[in-house]
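Novice: coordinates for the following, if possible.
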Amino acid sequence: MNSKAILSFLEQLTQNNNKEWFQENKATYEKLRQEFIDFINKLIPAIAEFDNNIKHISAKDCLFRIYRDVRFSKDKTPYKNNFGAYIAANGKNSRSAGYYFHIEPAGSMLAGGIYLPPPDVLKLVRSEIYYNMVAYKKIINDKLFLKQFGSVEGEKLVHAPKDFPKDFADIDILKYKSYTIIHKLSNIQVLSTNLFEETINIFKAMHPINSFFNKALEKCLN
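Specialist: Numbering: from 1, shown residues only. I've put the predicted structure just below:
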């Protein structure tokens, strides 16, 4: 994957986010998009070696469109300034925890976990944590987890979530609306010849928490 060309294209797109410029440079976009697809198709079998849920999908199941939905947004710029793919069972629209690969000038990242799930999924995740708090804490306090991700991120409720005891010792952990983990990538890392290997190492470090969440979601995903 020509990461340098992708970052350059996205930087130019950020400065020229309009249909005229994009149409003039669409051939370049299509070429770089295919390189991104090839990279994701290379990642999928490597992830499947430690996460069996991934093996039956392809990059095209996982890629997000570059076109923005501006219908309900104050920002009317028509294009995203990033390439992104969510590698999970059933692809980008999956309700399961997966592996997100995101290239953006000065904003690239690798992410995992559960992002803004619907209420039924969120309740299952919270219940899994509630009944298996020791196992969950072991995952998020692991040295490798702390080194690569720091902590779980996500907006939180002010009060205890419904159907859980307010006096529960770890009630703050159940207040999350999302349970996401993020590993930021610098432009230098994106341009590195070791990008593929580094990505797989980070995704492998995500697997325990993704597996924990997906265990909770087995009933609603089947």
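Novice: list the buried residues for the strand or helix carrying residue 33?
Specialist: Taking DSSP states H and E as the definition, residue 33 sits inside helix 26-48. Across helix 26-48, burial judged by 16 or more other Cβ atoms under 10 Å covers 29, 32, 33, 36, 37, 39, 40, 43, 44, 46, 47. Where you see a C-beta, it was placed from the backbone N, CA and C, and this is true even at glycine.
Novice: now for it, which elements pack on it?
Specialist: Under the contact criterion of 3 or more Cβ pairs under 8 Å, 6 or more residues apart in numbering; DSSP states H and E, helix 26-48 touches helix 3-15, helix 59-62, strand 83-87, strand 98-103, helix 195-216.
Novice: and these: which comes nearest residue 149?
Specialist: Comparison of the helices and strands packed on helix 26-48 against residue 149 by Cβ to Cβ identifies helix 195-216 as nearest, at 7.5 Å.
Novice: packing partners for the closest one?
Specialist: Contacts defined by 3+ Cβ pairs under 8 Å, 6+ apart place helix 195-216 against helix 26-48, strand 98-103, strand 108-114, helix 119-131, helix 133-140, helix 143-149, strand 179-185.
Novice: which of these sits closest to residue 17?
Specialist: The nearest among the helices and strands packed on helix 195-216, by Cβ to Cβ, is helix 26-48 at 12.7 Å.
Novice: so for that closest one, what's the average pLDDT?
Specialist: Average pLDDT, helix 26-48: 96.
Novice: could you export the helices and strands packed on helix 195-216 as a markdown table, including distance to residue 202?
Specialist: Shown next, in a markdown table, are the helices and strands packed on helix 195-216 (distance: least, Cβ to Cβ, whole Å):
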| stretch | distance to residue 202 |
| --- | --- |
| helix 26-48 | 11 |
| strand 98-103 | 9 |
| strand 108-114 | 5 |
| helix 119-131 | 22 |
| helix 133-140 | 15 |
| helix 143-149 | 6 |
| strand 179-185 | 5 |
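Novice: so for residue 205, which of the ones you listed sits nearest?
Specialist: Nearest of those (Cβ to Cβ): helix 143-149, 4.7 Å.
Novice: what comes up buried for the closest one?
Specialist: 145, 148, 149.
Novice: also stretch 191-207?
Specialist: Result for stretch 191-207 [16+ other Cβ under 10 Å]: buried residues 195, 199, 200, 202, 203, 204, 205, 206, 207.
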